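Visitor: coordinates only, no sequence provided:
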């Protein structure tokens with residue numbers, strides 16, 4: 001490709017709703033923490049390596065009998081509240097700005113549990129009901 005020599009109408013993504021192909025044998029529930037796996041497919045939050053949090057599922061999607069990419073899921077990046085782990089893995093206000101790790105599709109933790117968990121997102125706040133996680137795939141990957 002050559003450099004521009006005239007104006008260009010460059011496409012843009014607007015809004016905060018995104019769509020991702022869902023991984024094989026995956027059931028994602030509306031409101032779930034979802035992640036992208038190493039091959040680029042969306043999966044539910046879980047204790048596993050090679051994943052990164054991408055957002056909250058906007059609808060239930062059942063690909064439990066399907067191949068990679070057989071269905072798509074609508075999701076939103078942004079900041080959402082999920083359940084907090086307990087004990088040594090409980091996140092506190094002191095963890096605001098740090099990476100939180102996925103335990104399952106509704107729970108986050110302070111540690112990667114000896115390299116068995118993947119980063120879900122960045123801790124944005126902690127309250128009595130849970131942990132506010134900021135989902136920004138690029139930011140989380142950079143952290």
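Guide: Structure's in. What do you need? On a predicted model such as this, the values are computed, not experimentally measured, just so you know.

Visitor: residue 121 should be in a strand, yeah?
Guide: Yes: checked against DSSP: H, G, I helix; E, B strand; the rest coil, residue 121 lies within a strand.

Visitor: who are the contact partners of the residue at minimal distance from the centre of the chain?
Guide: Note on the chain: the residue nearest the mean C-alpha position is residue 53, at 2.2 Å, using CA atoms, centre = their mean. Neighbour list for residue 53: 33-35, 45, 102, 118-121, 133, 135, 137, 140 [criterion: CB atoms under 8 Å, 6 or more residues apart in numbering]. For glycine as for every other residue, the C-beta is placed from the backbone atoms N, C-alpha and C.

Visitor: wait, a strand at it?
Guide: Yes: under three-state DSSP, residue 53 falls within a strand.

Visitor: counting neighbours, what do you get for the nearest residue to residue 95 once chain neighbours are set aside?
Guide: Closest residue in space to residue 95, ignoring its immediate chain neighbours: residue 123 at 4.8 Å, by CB to CB, 6 or more residues apart in numbering. Counted with other CB atoms under 10 Å, residues neighbouring residue 123 total 23.

Visitor: pLDDT score for the residue lying closest to the residue nearest to the centre of the chain once chain neighbours are set aside?
Guide: Excluding the flanking residues, the one nearest residue 53 by CB to CB, 6+ apart is residue 120, at 3.8 Å. Here the pLDDT value assigned to residue 120 is 98.

Visitor: wait, isn't residue 120 in contact with residue 108?
Guide: Yes: taking contacts as CB atoms under 8 Å, residue 120 lies within contact range of residue 108: 5.1 Å.

Visitor: anything in contact with each of the two?
Guide: 33, 82, 100, 101, 102, 133.

Visitor: where do the strands of the chain begin and end?
Guide: Per DSSP state E, the chain carries strands over the ranges 18-21, 26-28, 33-36, 42-44, 52-57, 61-63, 72-76, 78-84, 99-102, 107-109, 119-127, 130-135.
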